[in-house]
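Colleague: heads up, no residue letters with this:
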Ligand code: ADP
Ligand code: ZN
């Protein structure tokens, strides 16, 4: 007997192989063990319950709080020939009745619902007449008060679960904090629960961090690398969104704004234009993105500093869900950081400490000279090697910017020593720069030999240096109070036994023009555009977003291997039996037409599908 999940993966979804953990998770669910799945956005959580749902004879209920996402998922499934339906308040009464009848008749295998719809006694009554094999709880962090998105309805899902004792329960979330995880398991009574935690490393995301100098032209330079490709630009405030939107529109870009100050109607129109590929760029506050599942977002820009690393990670996670190379640009300035510091100072002391820890983690990410993935993944509790990732600015820049900063290091470290290893960087810098600050005088630090020996660097440069010293483990910082103390390595530096390499003058850092881009697959751009047009036509006709028909990656592969027959089409990523049947001829005729007229010059090139590791 062939491996059933793998068979479904190929014939229904059109994929070659499972991503990490998917196969194990599916097996666990099929064996009827409750399962908690933690994977980052775009990690491939949906298949973990969709494939079991197709293997079970009874119904799989999927609870999700995001109505727009539900419709989208169901549209995609229906396109693949999966008997899926949605029941929610967005349906017309007729549609609702129609779907409900199909459910009662056993014609639906996957039923998507909002928690409040499921919790209605009448609905529970209907469902308890049916064989329910699986209850899936998507966005399961909503169950936890520790989560960022707690929903009281979700708490009651535990009772629902108890009403269907034979059903296996699958909970999924992209929120990784241990507290939330524990909370989910306890609330759902996962006794024998198996927990699967995926890697939070999104290898297809290319990460760049750039000093904000002339942000608008830095932005233009960046987005011009992605003509006609979808992208999101995040701003801090509504005002900033409006201004940037005007500016981009003025430059002739296809762009729309999105923020909480706009009417619901405008927001949903703009969102849907973006999803349908009718508009290229969204300029938005972080209000945008929760309810969208667009797989072909090719770039995400942070025009202003994100709130913290967790937020940043969530936001960049919206790029490249389809697994294709995608780009993230963070523009940051020390002025933004000063603003954040100011806000932190206004908070009560307890909150200040937590906020400072977050801010320091964030600074560590921004200022690292090593791989950006190290501070990012460490923050999520994931061990990460500091090998060259090939997909961040630092790993592709090389070491040429490093200079010898041994002397400044010796000055700084001596000053830490002389002041008694209990002050933070700010005070040390004041002493080094010969400041008259009250605190300096009060402690008599203006009489130290290190007083005023650091006038050759600006305050900003010293701060930048001090953080490098911390990262290089010359200094350790008290997480709570910020006091610095020396390590053994620091003594070696002070004795002149060890050289220190680092970066000076952060402002000098030119916007990263990365010589090395991640591998972009070779495909025929003209054909790709034609296939895209055909996809858009079909999508508009069916009233669904283009990616529901085929993903970008699917079209790129077609434009790279020029499949000539329906059988050959089945080998393309994302083409399952039903889609092949439904759309195969249409897309083949585009390919045929493209190859025909200039057959002499454009005979099917033997282009390798490079850059696609066929998954
Ligand atoms: P999540 O729910 O974890 O955010 P999704 O389930 O939406 O992620 O998956 C993200 C994208 O990856 C989707 O377009 C999905 O079809 C695709 N995908 C998932 N699993 C595979 C796989 N094994 N092979 C190829 N593509 C996959
Ligand atoms: Zn890297």
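Modeller: Noted; the coordinates are in hand. What you are looking at is a predicted structure, and each value in this text was computed from that prediction instead of being measured. Ligands and ions are numbered 1, 2, ... in the order given.
Colleague: any residues touching whichever helix or strand residue 75 is part of, and which ones?
Modeller: Applying DSSP states H and E as the criterion places residue 75 in helix 67-79. The contact list for helix 67-79, computed with CB atoms under 8 Å, 6 or more residues apart in numbering, reads 46, 50, 62, 64, 84-86, 88-90, 110, 112-114, 271, 291-293, 544-545, 548-549, 578-579, 582. Every C-beta, even on glycine, is put in place using the N, C-alpha and C of the backbone.
Colleague: Okay, now the unreliable bits of the stretch 501-615 of the chain?
Modeller: Within the stretch 501-615 of the chain, the ranges that satisfy pLDDT under 70 run 505-521, 597-615.
Colleague: quick one: the residue lying closest to residue 465 once chain neighbours are set aside from residue 482, how far?
Modeller: What sits nearest to residue 465 in space, not counting adjacent residues and going by CB to CB, 6 or more residues apart in numbering, is residue 408, at 5.7 Å. Separation of residue 408 from residue 482 (CB to CB, to the nearest Å) stands at 20 Å.
Colleague: how far out from the middle of the chain is whichever helix or strand residue 460 is part of?
Modeller: Take DSSP H and E as the rule and residue 460 turns out to sit in helix 459-471. Taking the mean of its C-alpha atoms, helix 459-471 sits 29 Å from the chain's own mean (CA atoms, centre = their mean, to the nearest Å).
Colleague: OK, contacts around the nearest residue to residue 449 once chain neighbours are set aside?
Modeller: Excluding the flanking residues, the one nearest residue 449 by CB to CB, 6+ apart is residue 418, at 7.0 Å. Contact analysis of residue 418 by CB under 8 Å, 6+ apart lists 445, 448-450.
Colleague: Of those residues - the most surrounded one?
Modeller: Highest neighbour count within the contacts of residue 418: residue 445, with 22 neighbours (other CB atoms under 10 Å).
Colleague: what's the closest non-adjacent residue to it?
Modeller: residue 431 (4.8 Å).
Colleague: Which residues are in contact with that neighbour?
Modeller: Contacts for residue 431 (CB under 8 Å, 6+ apart) come out as 415, 419, 440, 445-446, 448, 450-451.
Colleague: rerun at 10 Å
Modeller: 412, 415-416, 418-419, 423, 437, 439-440, 443, 445-446, 448, 450-454 (CB atoms under 10 Å, 6 or more residues apart in numbering).
Colleague: now the helices: where do they sit in the stretch 201-350 of the chain?
Modeller: Under the criterion DSSP state H, counting those that start in this stretch, the stretch 201-350 of the chain contains helices at 215-223, 238-250, 264-275, 309-316, 334-345, 349-367.
Colleague: Pull the residues that contact the fifth one.
Modeller: When contacts are defined by CB under 10 Å, 6+ apart, helix 334-345 is touched by residues 211-212, 236, 304-308, 333, 351-356, 358-359, 362-363, 366, 460, 463-464, 506-507.
Colleague: just the buried members of these?
Modeller: 211-212, 236, 304-306, 308, 353, 355-356, 358-359, 362-363, 366, 463-464 (16 or more other CB atoms under 10 Å).
Colleague: hang on, the earlier thing: what inclination does the helix or strand harbouring the residue nearest to residue 445 have with respect to helix 459-471?
Modeller: For residue 431, the element it lies in under DSSP H and E is helix 425-432. Helix 425-432 and helix 459-471 are oriented at 120 degrees to each other (axes from the mean of the first three to the mean of the last three CA atoms, to 10 degrees).
Colleague: Over to residue 170: give its phi and psi.
Modeller: phi -120, psi 130 (degrees, to the nearest 10).
Colleague: partner residues bridging it?
Modeller: Residue 170 has these beta-bridge partners by DSSP bridges: residue 35, residue 136.
Colleague: Report the separation between it and ligand 2.
Modeller: 33 Å (CB to the ion, to the nearest Å).
Colleague: who are the neighbours in contact with that residue?
Modeller: 25-26, 28-29, 33-37, 45, 48-49, 52-53, 60, 62, 134-138, 140, 188.
Colleague: at 8 Å instead, please
Modeller: Residue 170 makes contacts with 29, 34-37, 48-49, 52, 134-137, as judged by CB under 8 Å, 6+ apart.
Colleague: So what touches stretch 547-559?
Modeller: By CB under 8 Å, 6+ apart, stretch 547-559 touches 14, 72, 75-76, 79, 294-296, 322-324, 521, 523-525, 527-528, 531-532, 535, 538-539, 542, 569, 572-575, 579, 583, 587, 591, 609, 612.
Colleague: 7 Å instead, please
Modeller: Residues outside stretch 547-559 that contact it (CB atoms under 7 Å, 6 or more residues apart in numbering): 75-76, 79, 294-296, 322-324, 521, 523-524, 527-528, 531-532, 535, 538-539, 572-575, 583, 587, 591, 609, 612.
Colleague: Narrow those residues to those in strands?
Modeller: Using DSSP state E, the subset of these located in strands is empty.
Colleague: If we check ligand 1, which of these are in contact?
Modeller: 295, 322-323 (CB under 6 Å from any ligand atom).
Colleague: Save these as JSON lines, and put in neighbour count too.
Modeller: Output for those, formatted as JSON lines (neighbours: other CB atoms under 10 Å):
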{"residue": "295", "neighbour count": "21"}
{"residue": "322", "neighbour count": "21"}
{"residue": "323", "neighbour count": "20"}
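Colleague: Run through this protein and note the low-pLDDT ranges.
Modeller: Those would be 1-2, 146-149, 176, 192-193, 291, 386, 398-401, 479-480, 505-521, 597-615, if you go by pLDDT under 70 across the chain.
Colleague: From the centre of it, point out the most distant residue.
Modeller: residue 447 (51.5 Å; CA atoms, centre = their mean).
Colleague: That one: what's it in contact with?
Modeller: Shown in contact with residue 447 (CB under 7 Å, 6+ apart): no residues.
Colleague: before we move on, the earlier item: quick one, which of the helices of the stretch 201-350 of the chain is nearest to ligand 2?
Modeller: Evaluated over the helices of the stretch 201-350 of the chain, closeness to ligand 2 peaks at helix 349-367, with 11.6 Å, by CB to the ion.
Colleague: The closest one close to ligand 2?
Modeller: No: judged by CB under 5 Å from the ion, helix 349-367 and ligand 2 are separated, with a smallest distance of 11.6 Å.
Colleague: still on that earlier bit, reformat the helices of the stretch 201-350 of the chain as JSON lines; add distance to ligand 1.
Modeller: Converted to JSON lines, the helices of the stretch 201-350 of the chain look like this (distance: least, CB to the nearest ligand atom, whole Å):
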{"stretch": "helix 215-223", "distance to ligand 1": "23"}
{"stretch": "helix 238-250", "distance to ligand 1": "25"}
{"stretch": "helix 264-275", "distance to ligand 1": "14"}
{"stretch": "helix 309-316", "distance to ligand 1": "11"}
{"stretch": "helix 334-345", "distance to ligand 1": "29"}
{"stretch": "helix 349-367", "distance to ligand 1": "22"}
